[in-house]
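Undergrad: next one to model:
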Amino acid sequence: MASPLSLLHLAVLLCIYLVLPVFAELPRIQHQPKHDGSLNFLVIGDWGRKGLHNQSLVATQMGRMGDKLNIDFVVSTGDNFYDSGIKGVNDPLFLQSFSNIYTAKGLNKQWYTVLGNHDYRGNALAQLSPVLRKIDKRWFCERSFILNAGIVEFFFIDTTPFINNYFHDCNQHYDWRGVFPRQSYLKKLQKDLEEALAKSTSKWKIVVGHHAIRSIGHHGDSPELVKHLIPILKGNNVDMYLNGHDHCLQHIASKDSPLVYITSGAGSKAWRGDVKEDHSDVVKFFYDGQGFMSAQVTNSDANFAFYNVFGESIHHWNLTKSTMHSSV
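TA: Numbers count the residues shown, from 1 in each chain. So this is what the prediction gives:
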């Protein structure tokens, strides 16, 4: 039988393991593009509500578009399960809000996912568990990681720990295991992101996070991301920042760089009805309803579109790599 001192020592080690972040380089995975090097994908965020709030309608249209475009994968911008993430790897909400909703053949592709603030309200580690990948092989979720897809390299970033308000919210529980000490975690993440972006040789660089950097929606800009991420993104020629969090579809262009800010967080509950004042960048489009985004990328051009619950294209634009201008 272990002595009380040994048990105490074990408890201390366990606590340290649970709260200290794992300081390693960003995980890197590969996804083979099409034979001609092109890449098609969909982007959806803020979706997991057991099919309610038009989630099922959006899923139906995503399936049709996924089949039409022969997509390579789906990008999820977080807030995957409402209202408080999942309780564990056996939580039926995973099937009820994901596997049983996105059933179309056109969506039978890999889903690359980040955590949102609502995911942190549950068992955040459960969403990162390989067990979920065994339950549904499409699922892939990490805090932060790099997805190399040939001409496009995606940098998925864990944005929730950046937001100060969550650490002062006494009304909600957040699963911060693996994040504390917070400042060390954030400093390392920024360093890893900047180094990875600087080393990238891909034609297109896209950064994905849950929280908006620029937004005129309900939540608006994230000051912490404006401060810490914009210099990194602009300094390393990032083409696009993709996010959810605001339950809308929006396209905002920078005045002083090619960087564009795209919100696709309209996977279910939307229609908040409030729009914030414009800021220094250029708002190209805003839609306060449900929908999703498609992308078709080649070596020289990238075509993007927003769709509503009826499958109608409500906004589209093109980025041309040679001149790096956008047109609507």
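Undergrad: can you give me the neighbour number for residue 191?
TA: Residue 191 has 12 neighbouring residues, counting by other C-beta atoms under 10 Å. Where you see a C-beta, it was placed from the backbone N, CA and C, and this is true even at glycine.
Undergrad: now the most centrally placed residue in the chain. Its backbone dihedrals?
TA: Centroid-nearest residue in the chain, with C-alpha atoms, centre = their mean: residue 77, separated by 2.4 Å. Residue 77 has phi and psi values of phi -90, psi 20 when expressed as degrees, to the nearest 10.
Undergrad: I'd say it and residue 210 touch.
TA: Yes - at 5.8 Å, residue 77 counts as touching residue 210 under the criterion of C-beta atoms under 8 Å.
Undergrad: overlap in contacts of those two?
TA: Taking C-beta atoms under 8 Å, 6 or more residues apart in numbering as the criterion, residue 77 and residue 210 both touch 45, 114, 116, 243, 244, 245.
Undergrad: give the contact list for the residue nearest to the centre of the chain.
TA: Neighbour list for residue 77: 43-46, 114, 116, 208-210, 242-245, 264-265 [criterion: C-beta under 8 Å, 6+ apart].
Undergrad: top of these by number of neighbours, please.
TA: Highest neighbour count within these: residue 265, with 34 neighbours (other C-beta under 10 Å).
Undergrad: for the stretch 151-300 of the chain, what spans make up the strands?
TA: 152-156, 204-208, 240-243, 249-253, 260-264, 282-287, 292-297 (DSSP state E, counting those that start in this stretch).
Undergrad: for residue 168, find the nearest of these.
TA: strand 240-243 (22.2 Å; C-beta to C-beta).
Undergrad: strand partners of the closest one, parallel vs antiparallel please.
TA: Strand pairing for strand 240-243, using DSSP bridges, gives strand 204-208 (parallel), strand 260-264 (parallel).
Undergrad: mind putting those strands into TSV with distance to residue 121 and mean pLDDT?
TA: Formatted as TSV, these follow (distance: least, C-beta to C-beta, whole Å; pLDDT from 0 to 100):
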stretch	distance to residue 121	mean pLDDT
strand 204-208	21	98
strand 260-264	21	98
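Undergrad: winner for burial among those strands?
TA: Among the strands paired with strand 240-243, strand 260-264 has the highest mean neighbour count (mean count of other C-beta atoms under 10 Å), at a mean of 27.
Undergrad: do you know the pLDDT at residue 25?
TA: Looking at residue 25, its pLDDT reads 82.
Undergrad: not counting its neighbours along the chain, what's nearest it?
TA: Leaving out its chain neighbours, the residue that sits closest to residue 25 by C-beta to C-beta, 6 or more residues apart in numbering is residue 192, at 6.0 Å.
Undergrad: which residues touch the one you found?
TA: 25, 26, 144.
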